[in-house]
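1. Predicted model, plus sequence, below.
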Amino acid sequence: TAGAYPVIVKVTDDDGATGTISSSINVGAIPNNQPPAVTLSATPTSGNAPLSVNFTATASDPEGGSVICTGWDFGDGNGSVPCLTTGLQSQIQETRTYTYQNAGTYTANVTIADEENQITEATATIVVNPSGVISVCTIQDLDDIRKDLSANYKLICTIDFTAGGGAPPFAPIGSSSAPFTGTFNGNKNSIKGIIINEPNSFDVGLFGVLRGSVYDLIMIDAQVTGKQNVGVIAGRLLQGGTIRQSSVTGTVNANAYAGGLVGYSEGVIEESASRANVTTTLNYAGGLVGYLKSISAGEQPQLTDSYAQGSVRGEDYLGGLIGNIDGGSVERTYAIGSVSAGGAFEPVNIGGLVGASTGQVIDSYYDTQTTGQATSAGGEGKTTPEMQTQSTYVNWNFTNVWEFVVDPSYPTLRWEGPLLSPAEEPKFFTPA
């Protein structure tokens, strides 16, 4: 047993005199057996089906003993696969090639045991896209989208433009003569810290001109500057284009036609949010969309179940959500960011939700206290306590679409819930 033990020796001579000598013996604990050290690498980790992946496993015993490979499982439901190496080995290096036939996200693993049956499992995640979908995981992958504007893309990891000292400014994807017409699935992953600096250009955003589909995309701390038609996700969203379940934070600066999400929109926006601050030197600035233009009669509403929480500043046609609605239809939206004018002239068209409108605004609201605006060209003004009360939001779906994450707060979209960082959590304003 581990511990410190005193040892005493007593000696007696013929005359009965005694003497003693002592010492201490320290007995350490028997070290616990360490499990095997195992690494598992995979190449490639993503691609289109069918996808062949090369796996390499290496293993050894940190205590110099022997290890044994007990099995592989490639995570696609086909069960355990025997190892190629058998018996105890001082070190194992085993390479396997496996082909995934179907799209999905798989966790492959290899299991290694030592002589005392201590077990270590190493894993690797493999993302297999449907045939025809191109994976995006680096800044270069993102930039390469401009090489094929009609393809289907999937963001399979976070792209951080600030890593490694920061990347140079990014150029918008798609233009008026060659818009992006494919699909971009953000896969609930994020693009962080992108800088798009085109102060003399029209149609500025991640996508300059978008006629395709963007969904499940999160953009954080974007800095986007352009002349006209400027937004974080799209400078201009054309008829036939859609943005769904996407959100942005950061700043947008332009001369005119600027929004947190989209600068100029003729397309459809659903279940999306902006916390970006928007500034124009002239007109048409909105927390979500700068200018919303009508599309063909009989089409679905253009903007639904969306909100803006960023500030808006410009000269005229300013709204917490939309600067100007030109015949479009808006349903179940709100805005709470400060809306203010800073031009040389007194603004004529400024509102808590909408600056000016010839369209429809249904079941939509703005906070009169936080926006600093008592009126709006659309929507109903409410106090902060009213905006933080669920019963205010008539005909809103709080079962599948909206939720209150904390109380009191403003509503957020259910799809955002697990993804909100502390800096993006629902805002809480105390009335002045």
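-> That came in fine, so what should we check first?
2. Extract the C-alpha trace of the biggest strand by length in the chain and format it as PDB.
-> Of all the segments assigned as strand in the chain under DSSP state E, the longest by residue count is strand 213-230. These are the backbone C-alpha positions of strand 213-230, laid out as PDB (Å, rounded to 0.1, in the frame of the first residue of the first chain):
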ATOM      1  CA  SER A 213     -30.700  30.700 -53.700                       C
ATOM      2  CA  VAL A 214     -28.800  31.300 -50.400                       C
ATOM      3  CA  TYR A 215     -29.900  29.600 -47.300                       C
ATOM      4  CA  ASP A 216     -28.700  28.600 -43.800                       C
ATOM      5  CA  LEU A 217     -25.900  31.100 -44.000                       C
ATOM      6  CA  ILE A 218     -24.500  33.000 -41.000                       C
ATOM      7  CA  MET A 219     -22.100  36.000 -41.600                       C
ATOM      8  CA  ILE A 220     -20.400  37.500 -38.500                       C
ATOM      9  CA  ASP A 221     -18.600  40.900 -38.200                       C
ATOM     10  CA  ALA A 222     -18.800  41.600 -42.000                       C
ATOM     11  CA  GLN A 223     -17.500  45.000 -43.200                       C
ATOM     12  CA  VAL A 224     -19.100  45.900 -46.500                       C
ATOM     13  CA  THR A 225     -18.500  49.200 -48.400                       C
ATOM     14  CA  GLY A 226     -19.900  50.100 -51.800                       C
ATOM     15  CA  LYS A 227     -21.500  52.900 -53.800                       C
ATOM     16  CA  GLN A 228     -25.000  51.700 -54.500                       C
ATOM     17  CA  ASN A 229     -26.900  48.400 -53.900                       C
ATOM     18  CA  VAL A 230     -24.900  47.200 -50.900                       C
END
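3. and the very next helix or strand once past it, how far from the chain's centre?
-> Next in sequence after strand 213-230, counting helices and strands by DSSP states H and E, comes strand 234-237. Here the centre of mass of C-alpha atoms in strand 234-237, compared against the chain's by CA atoms, centre = their mean, to the nearest Å, lies 20 Å away.
4. and strand 234-237, what does it pack onto?
-> Judged by 3 or more CB pairs under 8 Å, 6 or more residues apart in numbering; DSSP states H and E, the packing partners of strand 234-237 are strand 195-204, strand 207-210, strand 213-230, strand 262-265. Just so you know, the C-beta spots here come from the backbone N, C-alpha and C atoms, and that holds for glycine as well.
5. Between the ones you listed, which one is closest to residue 74.
-> strand 213-230 (26.6 Å; CB to CB).
6. tell me the angle that closest one makes with strand 195-204.
-> Angle, strand 213-230 to strand 195-204, by axes from the mean of the first three to the mean of the last three CA atoms, to 10 degrees: 80 degrees.
7. Tell me which other helices or strands strand 213-230 touches.
-> Contacting strand 213-230 under the criterion 3+ CB pairs under 8 Å, 6+ apart are the following elements: strand 183-192, strand 195-204, strand 234-237, strand 242-244, strand 247-254, strand 256-259, strand 262-265.
8. partners of the longest strand of the chain, with directions?
-> Under the criterion DSSP bridges, strand 213-230 sits next to strand 183-192 (parallel), strand 195-204 (parallel), strand 242-244 (parallel), strand 247-254 (parallel), strand 256-259 (parallel) in its sheet.
9. now the third one: mean pLDDT?
-> Confidence for strand 242-244, expressed as mean pLDDT, is 97.
10. Need the distance between the two termini of stretch 225-241.
-> Stretch 225-241 stretches 22 Å from its first residue to its last (CA to CA, to the nearest Å).
11. should've said stretch 199-218
-> The straight-line separation of the ends of stretch 199-218 (CA to CA) is 24 Å.
12. Number the residues from 855 up from this point.
-> With 855 as the first residue, the last one maps to stretch 1053-1072.
13. if we can go back for a sec, tell me which of the helices and strands packed on strand 1088-1091 sits most buried.
-> Comparing the helices and strands packed on strand 1088-1091 by mean neighbour count (mean count of other CB atoms under 10 Å), strand 1116-1119 ranks first with a mean of 34.
14. In PDB, list the C-alpha atoms belonging to that one.
-> Written as PDB, here are the backbone C-alpha positions of strand 1116-1119 (Å, rounded to 0.1, in the frame of the first residue of the first chain):
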ATOM      1  CA  VAL A1116     -29.600  43.100 -49.100                       C
ATOM      2  CA  GLY A1117     -29.200  46.500 -50.700                       C
ATOM      3  CA  TYR A1118     -31.800  46.300 -53.400                       C
ATOM      4  CA  SER A1119     -34.300  43.400 -53.600                       C
END
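15. do you know how far residue 1057 is from residue 1121?
-> Applying CB to CB, to the nearest Å, one obtains 14 Å for the distance of residue 1057 from residue 1121.
16. Residue 920 now?
-> Using CB to CB, one gets 63 Å for the distance from residue 920 to residue 1121.
17. repeat for residue 874
-> 96 Å.
18. So which of those two has more stuff around it?
-> More neighbours sit around residue 1121 than around the other of residue 874 and residue 1121, counting by other CB atoms under 10 Å; the figures are 25 against 8.
19. my read: that one touches residue 1087, true?
-> No - with contact defined as CB atoms under 8 Å, residue 1121 does not reach residue 1087; the gap is 11.1 Å.
20. what residues do those two have in common as contacts?
-> Counting by CB atoms under 8 Å, 6 or more residues apart in numbering, the common neighbours of residue 1121 and residue 1087 are 1064, 1097.
21. Chain neighbours aside, what residue packs nearest to the residue most central in space within the chain?
-> Nearest to the mean C-alpha position of the chain, by CA atoms, centre = their mean, lies residue 1044 at 3.1 Å. Setting aside the residues directly before and after it, residue 1044 is nearest to residue 1072 in space (CB to CB, 6 or more residues apart in numbering), at 4.1 Å.
22. Show the contacting residues for the one you found.
-> 1040, 1042-1045, 1100-1102, 1273.
23. Buried ones among those?
-> Burial of these was assessed by neighbour count (16 or more other CB atoms under 10 Å); the buried members are 1040, 1042-1045, 1100-1102.
24. ranges for the helices of the stretch 1105-1254 of the chain?
-> If you assign secondary structure with DSSP state H, counting those that start in this stretch, the helices in the stretch 1105-1254 of the chain sit at 1222-1225, 1238-1241.
25. give me the low-pLDDT residue ranges for this structure?
-> Low-confidence regions of the chain, defined by pLDDT under 70, span residues 855-856, 881-885, 1150-1155, 1197, 1272-1286.
26. let's see 80
-> 855-859, 865, 867-870, 873, 879-887, 1149-1155, 1197-1201, 1261, 1272-1286 (pLDDT under 80).
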